[in-house]
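[1] Turn this into a model:
(one chain, ligands or ions: 1)
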Amino acid sequence: MSDTHADGPQSGARDPLKLAPEDLAWWQDAKFGLFIHWGLYAIPARGEWVMHREQIPAEEYAKLASVFAPQAFDANAWARLARDAGMRYSVLTARHHDGFALWDSPASYGQFTSVATAARRDFVAEYVAACRAAGLRTGLYYSPMDWRFPGYFQPRELPENAALMKAQGYGQVEELMTRYGPVDILWYDGGWLAHKGSDRDAAWFWEPEKLNAMVRRLQPKIVISPRSGWAGDFGIDEGGHAATGPIHEIPWEKCCNLNRPSWGYNAQQDLMTADEVIRMLVAVVSRGGNLLLNVGPDADGVIPPAHAAILREVGNWLARYSEGLYGTRPGPYQPVEARTVAGRYGATQKGNRVYVHVLDWGDEAQFVLPALDRRITGAALLGGGDVPWTQTDDAVVVTVPAGARPPTPTVLALTVPV
Ligand code: GLC
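    Alright, predicted model coming up:
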């Protein structure tokens, strides 16, 4: 299966397909995005892999398109919710592994699109317009592989059929890159073949360098995910497991599900709490990453109210503490994971401030941080007041007595010379 946890190739000679660091800066500043998995699979409500897992024949699965006619779909409502949650970008599954395109796609094999079937709507067009209106950076997810093609499962035995799938992939990527104005993110997923090996192992077939050279020509500044078989502009850590270890060396993104059972809408619900989302966000950002948090709207296009409520709760927290997140870079302290006497925290920095994201205050009134190479001129709790501090060559000690400690996660800001 795909090498989904790879951070992508490290340094070496500069890859001409990669974005220049200054063109990736907005993405690194943004920190928090909304991932949206939505398509026909919302109807059976057993996740986006239902067609493959349950071995539903393509013709049978295709019947879902004749009843997929969401009445409540409102891209503006999705975009507003993302803003309310404090998100700065969004990524929608324009087409997942089932092959159903949410736009008017001439290249779609068999015209398996939301425009040619019951819905008769170009959801990608509506979504892109809504993101722009809400001031969200716009991302599109695209899966080159498509379960409808036997050639996907047997590319060497059925080369002609596999070639049809490849032609569809190139054609659809070109459509997405030319019909909707500037797109900020192209989020490939599934550059594999037959669910085997890594994306890179399938590069002989997909020729991702060729595909992405076209993308760069059409959208020179677009941020590209690493899952087409080419390294891309950032690394991905997929899944709800904790973000651990030191600050990553390359830009990266954690993607995970608000509703744990699947990416696409699922009748089964096991939601992350707002507190879990916030802690995940802090853990990721203090390691140099972005968090792309996924929701699966239902068959009618609605993000379930319980999910939306959690996102708004996260937004309320961010309204108070976001100064320590957006636009920052990780450090100068490495994240401290295990609960120690000195507590648990991660750090970010921007301008004349170092932000210490306190995940656990520890047991002492004194919160002890390692030495800092700059002289501190002030310490304050974001949304609270100044706090007493001392600095020696060995440590920075901030004193916040138990009664004066805001609940964690909270943010301590140290003022330093720029
Ligand atoms: C996996 C799954 C897919 C999901 C994706 C999100 O690759 O195949 O269903 O879209 O992860 O990162």
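
[2] now the most centrally placed residue in the chain: how far from the ligand?
    Taking C-alpha atoms, centre = their mean as the criterion, Leu292 is the residue nearest the geometric centre of the chain, at 2.4 Å. Taking C-beta to the nearest ligand atom, to the nearest Å as the measure, Leu292 and the ligand are separated by 8 Å. Quick note: C-beta positions are derived from backbone N, CA and C, even for glycine.

[3] any idea which helix or strand comes after the helix or strand encompassing Lys210?
    Per DSSP states H and E: Lys210 is located in helix 208-218. Proceeding C-terminally, helix 208-218 gives way to strand 223-224 as the next helix or strand, assigned by DSSP H and E.

[4] coming back round to it: now do the buried residues in the helix holding Lys210.
    Taking 16 or more other C-beta atoms under 10 Å as the basis for neighbour counts, the residues of helix 208-218 that come out buried are Pro208, Leu211, Asn212, Val215, Arg216.

[5] Over to stretch 256-271?
    By 16+ other C-beta under 10 Å, the buried positions in stretch 256-271 come out as Cys256, Asn257, Leu258, Asn259, Pro261, Ser262, Trp263, Gly264, Tyr265, Asn266, Leu271.

[6] Average pLDDT for the helix holding Lys210, rounded please.
    Averaged across helix 208-218, the pLDDT comes to 98.

[7] next one: stretch 138-153
    For stretch 138-153, the mean per-residue pLDDT is 98.

[8] re the thing from before, quick check, the residue nearest to the centre of the chain in a helix?
    No: according to DSSP: H, G, I helix; E, B strand; the rest coil, Leu292 belongs to no helix; its state is strand.

[9] returning to what we had before: tell me which strands and helices the helix holding Lys210 is in contact with?
    With contacts defined as 3 or more C-beta pairs under 8 Å, 6 or more residues apart in numbering; DSSP states H and E, helix 208-218 has these neighbours: helix 159-178.

[10] Run the chain-centre distance for the helix it packs on.
    24 Å (C-alpha atoms, centre = their mean, to the nearest Å).

[11] Alpha carbons of it, as PDB, please.
    As requested, the backbone C-alpha atoms of helix 159-178 are provided in PDB (Å, rounded to 0.1, in the frame of the first residue of the first chain):
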ATOM      1  CA  PRO A 159      -2.300  -2.200 -20.700                       C
ATOM      2  CA  GLU A 160      -4.900  -0.700 -23.000                       C
ATOM      3  CA  ASN A 161      -7.500  -0.400 -20.300                       C
ATOM      4  CA  ALA A 162      -4.800   1.000 -17.900                       C
ATOM      5  CA  ALA A 163      -3.900   3.500 -20.600                       C
ATOM      6  CA  LEU A 164      -7.500   4.700 -20.600                       C
ATOM      7  CA  MET A 165      -7.300   5.400 -16.900                       C
ATOM      8  CA  LYS A 166      -4.000   7.200 -17.400                       C
ATOM      9  CA  ALA A 167      -5.500   9.400 -20.200                       C
ATOM     10  CA  GLN A 168      -8.500  10.200 -17.900                       C
ATOM     11  CA  GLY A 169      -6.000  11.200 -15.100                       C
ATOM     12  CA  TYR A 170      -4.000  13.500 -17.300                       C
ATOM     13  CA  GLY A 171      -7.200  15.000 -18.900                       C
ATOM     14  CA  GLN A 172      -8.900  15.600 -15.500                       C
ATOM     15  CA  VAL A 173      -5.900  17.100 -13.900                       C
ATOM     16  CA  GLU A 174      -5.600  19.500 -16.900                       C
ATOM     17  CA  GLU A 175      -9.300  20.400 -16.500                       C
ATOM     18  CA  LEU A 176      -8.900  21.100 -12.800                       C
ATOM     19  CA  MET A 177      -5.900  23.200 -13.500                       C
ATOM     20  CA  THR A 178      -7.500  25.300 -16.300                       C
END
